[in-house]
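Student: Could you look at this predicted model? Sequence included:
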Amino acid sequence: MPYFKDNDDCGNEEPHSHEGEVSWEELMRQQKQTRDVLKEQGIPHVEVSVFNDHSDETPLSHTAYSFESLINTLLAIYTSTSDAKFVALLQYISMALDNINALTADLIIQRLREQHGESNVDKMLNYMKKFNQYTNSSDKTNIPDAFMDAFKEEDDDESR
């Protein structure tokens, strides 16, 4: 695992590594080399960019570049060997990410309900659902029903 700049027990903020770890610079060099090979070969691949982070050696950058490295390595190995085990790993990663996304969405909705009340969150989710249905439909010339319904519901609420 690459080193990070972090505070150790002495308050030292200098980068440190453990035996067998690669430096951040070496990891980035390997990342670029893998990207270049995949581009040259026309192989689908992932390129990660991290924005507005205070350093290149943060947990966010490490996670993002580790994800890129993992996916690109699996793609490169599968392309060169046709070994289905590597596709199975990609499918597993995809399913795990889907599950994490679903869990995150549930936690966010739970938090919103705690903060704003059940009925307000349900209204918001209904608006979002209608908007998503509209954006995924082929009829985009009329005012979306989601917006019209939202105005009707607001008018109904105000008249009560």
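Tutor: Yes, it's here.
Student: How are the helices of the chain distributed by residue range?
Tutor: Along the chain, counting by DSSP state H, helices occupy 24-41, 59-81, 84-116, 118-135, 145-159.
Student: Pick the most buried one from those helices.
Tutor: helix 59-81 (a mean of 16; mean count of other C-beta atoms under 10 Å). Any C-beta I mention is one placed from the backbone N, CA and C, and that applies to glycine too.
Student: Let's test this: mean pLDDT of that one, rounded?
Tutor: If you average the pLDDT over helix 59-81, you get 91.
Student: what does stretch 21-29 give?
Tutor: In this model, stretch 21-29 has a mean pLDDT of 82.
Student: CA atoms only: put that stretch into CSV for me.
Tutor: Provided in CSV are the C-alpha atoms of stretch 21-29 (Å, rounded to 0.1, in the frame of the first residue of the first chain):
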residue,chain,number,x,y,z
GLU,A,21,5.4,-0.7,-0.3
VAL,A,22,5.8,1.3,-3.4
SER,A,23,6.1,5.0,-3.3
TRP,A,24,3.3,7.3,-4.5
GLU,A,25,5.5,8.4,-7.5
GLU,A,26,6.1,4.7,-8.5
LEU,A,27,2.4,4.0,-8.2
MET,A,28,1.6,6.9,-10.4
ARG,A,29,4.2,5.9,-12.9
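Student: circling back: adding distance to Asp53, write the helices of the chain out as CSV.
Tutor: As requested, the helices of the chain are exported to CSV (distance: least, C-beta to C-beta, whole Å):
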stretch, distance to Asp53
helix 24-41, 13
helix 59-81, 6
helix 84-116, 21
helix 118-135, 29
helix 145-159, 36
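Student: Determine which of the ones you listed approaches Ser49 most closely.
Tutor: helix 59-81 (8.1 Å; C-beta to C-beta).
Student: between that closest one and helix 84-116, how many degrees?
Tutor: Orientation of helix 59-81 against helix 84-116 (axes from the mean of the first three to the mean of the last three C-alpha atoms, to 10 degrees) gives an angle of 150 degrees.
Student: weakest of the helices of the chain by average pLDDT?
Tutor: Going by mean pLDDT, the lowest-scoring of the helices of the chain is helix 145-159, which has a mean of 59.
Student: List the contacts of Leu125.
Tutor: For Leu125, the contacting residues are Ile109, by C-beta atoms under 8 Å, 6 or more residues apart in numbering.
Student: if you set the cut-off to 10 Å instead, what comes out?
Tutor: 109, 112-113 (C-beta atoms under 10 Å, 6 or more residues apart in numbering).
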